[in-house]
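Colleague: Let me see the structure of the following:
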Amino acid sequence: MTPEPKILFEHNRAWAARMEHERPGFFTRLMAQQRPRYMWIGCSDSRVSANEITGLEPGEVFVHRNIANVVVHSDLNALSTIQFAVEHLKVEHIMVVGHYGCAGVRAALQGTRIGLADNWLRHIRDLKLRHRKRIDHLPPEQQEDVLCEINVIEQVGNVALSTVLQDAWERGQKITVHGWVYGLRDGLLKDLHVSMDDAASVVDTFRAAIKQYPRSTDGGGASDADTTFDSLDDD
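Modeller: Numbers count the residues shown, from 1 in each chain. Below is the predicted model of the structure:
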């Protein structure tokens, strides 16, 4: 074992001892605490920790993370995690959380090749193409932030349209999907006002959220990409 990983075990032992000293019975209680009300779908970025950002204890938030917080119908990993959270843990809120300064979003925006992950980031490149009239006319320093936000809004829609959420709402389960963005500069969360709590609200909520970003009057219309919300960006 190299010295680098070894020190993590030392940190772990010190942390465990401190927690048990400061909060006797912490780990005993934690064993019975897998009853989270919240699910966090976020980016794998090491600077964005769900528990620390929200002030929640271990066991209070169920977490799924990937590059650029993408949720697509072909990703059985994400969908299986969502299904477990919804059907077995009975979470009440799912938060899709992006963050400003996301390297995945930046690569998609700039067309930077980074390797195998390019295939994953194609989902965001497609968003950039489809919403180009809402992005391309902006100053360069704003384009990345806007694409981060639009990506979150799209992924909220994808979660809401998944069979897992549609089935849950059909059987009357109370669950809301939210879209937030985290600021690395100030540590604050921003609500994108794209919360969806039933099947009937999905389209109108998505449309209203996207319209927060004005379209340029120049250039072409939406792309021909075959995605769920294409037609909603034509007005």
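Colleague: for the helix or strand bottoming out on mean pLDDT in the chain, packing partners?
Modeller: Using mean pLDDT, DSSP states H and E, helix 26-31 stands out as the lowest-scoring helix or strand of the chain, at a mean of 79. When contacts are defined as 3 or more C-beta pairs under 8 Å, 6 or more residues apart in numbering; DSSP states H and E, helix 26-31 sits against helix 3-22. All C-beta spots, glycine's among them, are computed from the backbone N, C-alpha and C.
Colleague: quick one: average confidence on the helix it packs on?
Modeller: Average pLDDT, helix 3-22: 87.
Colleague: give the contact list for H64.
Modeller: 39-42, 77-78, 81-82 (C-beta atoms under 8 Å, 6 or more residues apart in numbering).
Colleague: secondary structure class for the closest residue in space to it that isn't next to it in sequence?
Modeller: Of all residues not flanking H64 in the chain, T81 sits nearest, at 4.4 Å (C-beta to C-beta, 6 or more residues apart in numbering). Classification of T81 using DSSP: H, G, I helix; E, B strand; the rest coil returns helix.
Colleague: helices or strands up against the helix or strand just after the least confident helix or strand of the chain?
Modeller: Sequence order places strand 38-43 as the next helix or strand after helix 26-31, per DSSP states H and E. Identification of packing neighbours for strand 38-43 by 3+ C-beta pairs under 8 Å, 6+ apart yields helix 50-54, strand 61-66, helix 76-83, strand 93-99.
Colleague: if we go to 10 Å?
Modeller: Contacts defined by 3 or more C-beta pairs under 10 Å, 6 or more residues apart in numbering; DSSP states H and E place strand 38-43 against helix 50-54, strand 61-66, helix 76-83, strand 93-99, helix 103-110, helix 140-161, strand 176-182.
Colleague: quick check: mean pLDDT across the last one?
Modeller: Which is strand 176-182. Averaging pLDDT along strand 176-182 yields 98.
Colleague: Quick one: list the elements packing against it.
Modeller: strand 38-43, helix 50-54, strand 93-99, helix 140-161, strand 189-191, helix 202-210.
Colleague: Redo these as TSV? Include mean neighbour count, distance to M31 and mean pLDDT.
Modeller: Shown next, in TSV, are the helices and strands packed on strand 176-182 (neighbours: other C-beta atoms under 10 Å; distance: least, C-beta to C-beta, whole Å; pLDDT from 0 to 100):
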stretch	mean neighbour count	distance to M31	mean pLDDT
strand 38-43	24	19	97
helix 50-54	16	17	91
strand 93-99	25	24	97
helix 140-161	22	29	96
strand 189-191	14	29	97
helix 202-210	18	37	96
